[in-house]
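> got a structure for you, letters missing:
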């Protein structure tokens, strides 16, 4: 197991989360929303209250999730978010 796979973080309630955990997105920082082009803001905002799987926990303890939108004909768009403990709530933990 790599160091990255062994990393864990906590959700807003102090529950341990790790790569593969499903979390509900409770908050997206306004600075994050404002950093994306106007045409993409609604997609980033749509991640709020979604349940997404953690694919990375960085060395700072920030959890990373992403969401994909399939526009058909092989056109897929995605956004990733780096979130802090107070931004997420554990829903399901994969063993």
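Cool, got the structure. The structure displayed is predicted, hence computed values, not measured ones. Numbering: from 1, shown residues only.

> Listing partners with orientation, what would you give for whichever strand or helix holds residue 23?
If you go by DSSP states H and E, residue 23 is part of strand 22-25. Sheet pairing for strand 22-25, assigned by DSSP bridges, gives strand 51-57 (antiparallel), strand 88-92 (antiparallel).

> For residue 12, which of the ones you listed is the nearest?
For the strands paired with strand 22-25, the distance to residue 12 is smallest for strand 88-92, at 5.6 Å, taking C-beta to C-beta. For every residue, glycine as well, the C-beta is placed using N, CA and C.

> For the chain, identify the residue most remote from the centre.
The centre of the chain is farthest from one residue, residue 73, which by C-alpha atoms, centre = their mean lies 26.1 Å away.

> quick one, strands of the protein?
Remark: strands assigned in the chain by DSSP state E are 8-10, 16-18, 22-25, 51-57, 63-70, 76-83, 88-92.

> which one of the ones you listed is the most hemmed in?
With neighbours defined as mean count of other C-beta atoms under 10 Å, these peak in mean count at strand 22-25, which reaches a mean of 19.

> What's opposite the most centrally placed residue in the chain in the beta bridge?
For the chain, residue 65 is the residue whose C-alpha lies nearest the centre (C-alpha atoms, centre = their mean; 2.6 Å). Residue 65 forms beta bridges with residue 54, residue 81, as assigned by DSSP bridges.

> Contact partners for it?
23, 25, 47, 52, 53, 54, 55, 80, 81, 83 (C-beta atoms under 8 Å, 6 or more residues apart in numbering).

> Dump those residues to TSV, plus distance to residue 61.
Converted to TSV, those look like this (distance: C-beta to C-beta, whole Å):
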residue	distance to residue 61
23	14
25	17
47	20
52	17
53	17
54	12
55	15
80	16
81	15
83	10
